[in-house]
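Visitor: Next input, structure requested:
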Amino acid sequence: MSWSRDDPGPGRRGYHHGNLREALADAARWAGVSSAAPYRHFRDRQALLADVARRGFELFEERLDRAWNEGRPDPFAAFENVGRAYLAFAREEPAFYSAMFEAGLPLDGDPGLREAANRAFAVLRKAADTFCARLPSDRRPPALMMSLHLWALAHGIASLFARADGGRRRLPMTPEELLEAGVLVYLRGLSLIDEPPA
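Guide: Now for the predicted structure:
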């Protein structure tokens, strides 16, 4: 979790399974309260993590939406920007990303968390809708299916190759290059594009 938007600091650590207590202690120190203080405001660990995940999805939605920029300057470039924003969020906000996707939180148990997650996914759906609308209706893939495929591709690359912690795998290219190539193959396979814009 990044506590300062301007300076992440040299000792910044991200959350991963096993160091939640340490991350919360860091957060408490940053806030100027005791290390036990965060627990007093939530009924249990799951409620605390759900609140962190909810806030993470809100920030995630903002980043994805800003990257999509209503499909400007063109849908292809905007779609690439969304992919880069996805990877950047995983890299720059590992604590939020882990709480959102790795803590095993049931979305149905927390309406606020579910709604925040759905709003973030809606940005990917909006991008898929824009691409699908470019095709004649008889050749148009289901936008939901396409958005789920692209989400799985971006999420897999982010989780395996774009992490800021020790779980990152090595690649002979950047995660951004891998995602771009995967999206190009996918979009060409659906006949949504012939050649990427120059």
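Visitor: list the contacts for the most centrally placed residue in the chain?
Guide: Centroid-nearest residue in the chain: Tyr86, 4.5 Å away (criterion: CA atoms, centre = their mean). Taking CB atoms under 8 Å, 6 or more residues apart in numbering, we find Tyr86 in contact with 64, 154-155, 158, 179. No exception for glycine: its C-beta is placed from N, CA and C like everyone else's.
Visitor: Try it again at 7 Å.
Guide: 64, 154, 158 (CB atoms under 7 Å, 6 or more residues apart in numbering).
Visitor: If you count neighbours, what's buried in the lengthiest helix in the chain?
Guide: Counting residues, the longest helix in the chain under DSSP state H turns out to be helix 45-68. In terms of neighbour count (16 or more other CB atoms under 10 Å), helix 45-68 has its buried residues at 48-61, 63-65, 67-68.
Visitor: So what touches the helix or strand hosting Val123?
Guide: Here Val123, judged by DSSP states H and E, is contained in helix 111-132. Identification of contacts with helix 111-132 by CB under 7 Å, 6+ apart yields 50, 53-54, 57-58, 60-61, 64-65, 68, 71, 75, 79, 82, 105, 107-108, 140-141, 143-144, 146-147, 150-151, 192.
Visitor: that older thread, Arg91: which of the contacts of Tyr86 is nearest?
Guide: Ala158 (7.9 Å; CB to CB).
Visitor: If I look at the nearest residue to that closest one once chain neighbours are set aside, what pLDDT would I see?
Guide: Among residues not flanking Ala158 along the chain, Ala90 sits closest, at 3.8 Å (CB to CB, 6 or more residues apart in numbering). Listed pLDDT for Ala90 reads 92.
Visitor: residues contacting the residue sitting furthest away from the middle of the chain?
Guide: Distance to the chain centre peaks in the chain at Asp138, reaching 32.1 Å (criterion: CA atoms, centre = their mean). Contacts for Asp138 (CB under 7 Å, 6+ apart) come out as none.
Visitor: Likewise for Arg55?
Guide: The contact partners of Arg55, taken as CB under 7 Å, 6+ apart, are Phe96.
Visitor: sorry, back to before: what about the residue nearest to the centre of the chain, which helix or strand?
Guide: helix 75-92.
Visitor: Tell me the first helix or strand C-terminal of that helix.
Guide: helix 94-101.
Visitor: Now that following helix: average pLDDT?
Guide: In the prediction, helix 94-101 has an average pLDDT of 89.
Visitor: name the helices or strands packed onto that helix?
Guide: helix 45-68 (3 or more CB pairs under 7 Å, 6 or more residues apart in numbering; DSSP states H and E).
Visitor: Now do the helix it packs on and helix 75-92, the angle between them.
Guide: Interaxial angle, helix 45-68 versus helix 75-92 (axes from the mean of the first three to the mean of the last three CA atoms, to 10 degrees): 150 degrees.
Visitor: Export only the CA atoms of helix 45-68, formatted as PDB.
Guide: Output in PDB follows, covering the C-alpha atoms of helix 45-68 (Å, rounded to 0.1, in the frame of the first residue of the first chain):
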ATOM      1  CA  ARG A  45      -9.400  -9.400   9.900                       C
ATOM      2  CA  GLN A  46     -11.700 -10.200   7.000                       C
ATOM      3  CA  ALA A  47     -13.600  -6.900   7.500                       C
ATOM      4  CA  LEU A  48     -10.400  -5.000   7.600                       C
ATOM      5  CA  LEU A  49      -9.100  -6.700   4.400                       C
ATOM      6  CA  ALA A  50     -12.500  -6.000   2.700                       C
ATOM      7  CA  ASP A  51     -12.200  -2.300   3.500                       C
ATOM      8  CA  VAL A  52      -8.600  -2.300   2.000                       C
ATOM      9  CA  ALA A  53      -9.800  -4.200  -1.100                       C
ATOM     10  CA  ARG A  54     -12.800  -1.900  -1.500                       C
ATOM     11  CA  ARG A  55     -10.500   1.200  -1.500                       C
ATOM     12  CA  GLY A  56      -8.200  -0.600  -3.800                       C
ATOM     13  CA  PHE A  57     -10.900  -1.200  -6.400                       C
ATOM     14  CA  GLU A  58     -11.900   2.400  -6.200                       C
ATOM     15  CA  LEU A  59      -8.400   3.500  -7.000                       C
ATOM     16  CA  PHE A  60      -8.100   0.800  -9.600                       C
ATOM     17  CA  GLU A  61     -11.300   2.000 -11.300                       C
ATOM     18  CA  GLU A  62     -10.000   5.600 -11.300                       C
ATOM     19  CA  ARG A  63      -6.800   4.500 -13.000                       C
ATOM     20  CA  LEU A  64      -8.400   2.300 -15.600                       C
ATOM     21  CA  ASP A  65     -11.000   5.000 -16.400                       C
ATOM     22  CA  ARG A  66      -8.400   7.700 -16.700                       C
ATOM     23  CA  ALA A  67      -6.300   5.400 -19.000                       C
ATOM     24  CA  TRP A  68      -9.400   4.600 -21.100                       C
END
